[in-house]
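Chemist: structure for this input, please:
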Amino acid sequence: MGRTKKSTFILGIVTVFFITVLSTQALACKNKLLYIGVVKTPKLVMAAEVLSVLIFERTGTKVIINKYDNFQKCYEAAKKGEADMILDYTGRCYIDLLGKTPEADADKVYSTVREACEREMEMVWLQPLGFSDVTVVTGNRGDTPSVAAPIIRIETLGRSPMLPRVINKLAGRLDEGLISKLIEECNGKRAALVARRYLKDIGLI
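Modeler: Model (predicted):
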């Protein structure tokens with residue numbers, strides 16, 4: 001075989017190799033599956049739909065949303081590995097889950113639940129989305145700030161380290177007015193379609 005033909009042959013093999021590797025990596029990304037566990041309230045379910053579309057469009061990861069009757073079941077699902085990510089409220093977690101006394105400092109509430117969940121549950125709190133738990137002012141919670149945020153299992157982050165950067169693009173964007181508006185727009189429409197239009201409008205997909 002001549003030098004030119006041999007070089008062309010080797011180049012062809014190398015090209016096929018890299019195409020195969022890149023195709024395999026792309027396929028592996030698209031074949032990933034992420035489970036979001038969420039309490040079936042309108043605001044949390046709508047937020048999960050927005051997160052689902054954002055994650056799929058940005059990473060190719062298919063997202064399945066599982067709805068639970070209460071937060072305890074969400075955490076149980078995460079502990080069993082049946083949910084990769086859940087949504088909770090900072091103040092609710094601070095008072096009801098950690099048993100703390102009311103605290104008005106939002107930063108302290110957030111840092112406390114973040115440190116406790118990472119240490120005790122191997123889960124990481126991402127940045128708050130913007131809307132609040134309206135029931136936080138009832139009972140023994142006082143004026144404790146309680147904003148919704150995603151919480152991801154550390155094991156899931158090991159498989160998908162890009163997720164925090166993608167998800168945190170929604171930090172502070174889903175305020176009370178916006179999340180209520182999206183819920184209203186779902187009247188007779190699929191929530192995923194409403195979520196997709198919103199994300200396109202703000203340039204995230």
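Chemist: quick one: the strands in the chain?
Modeler: Counting by DSSP state E, the chain has strands at residues 33-39, 62-68, 85-89, 123-125, 148-153.
Chemist: most tightly packed of those strands?
Modeler: strand 85-89 (a mean of 26; mean count of other Cβ atoms under 10 Å). (C-beta placed from N, C-alpha, C; glycine too.)
Chemist: packing partners for that one?
Modeler: Packing partners of strand 85-89 (3 or more Cβ pairs under 8 Å, 6 or more residues apart in numbering; DSSP states H and E): strand 33-39, helix 42-59, helix 71-80, strand 148-153.
Chemist: again, 10 Å this time
Modeler: strand 33-39, helix 42-59, strand 62-68, helix 71-80, helix 106-121, strand 123-125, strand 148-153 (3 or more Cβ pairs under 10 Å, 6 or more residues apart in numbering; DSSP states H and E).
Chemist: any idea how far the third one is from the middle of the chain?
Modeler: Yep, that's strand 62-68 we're talking about. 11 Å (Cα atoms, centre = their mean, to the nearest Å).
Chemist: got the angle for that strand vs strand 33-39?
Modeler: Put simply, strand 62-68 runs at 20 degrees to strand 33-39, going by axes from the mean of the first three to the mean of the last three Cα atoms, to 10 degrees.
Chemist: next, the angle from strand 62-68 to helix 42-59.
Modeler: Using the same axes, to 10 degrees: strand 62-68 against helix 42-59 is 160 degrees.
Chemist: can you list contacts of strand 62-68?
Modeler: The contact list for strand 62-68 (Cβ atoms under 10 Å, 6 or more residues apart in numbering) reads 30-41, 44-45, 48-49, 51-56, 73-77, 82-86, 191-192.
Chemist: cool, thanks, talk later.
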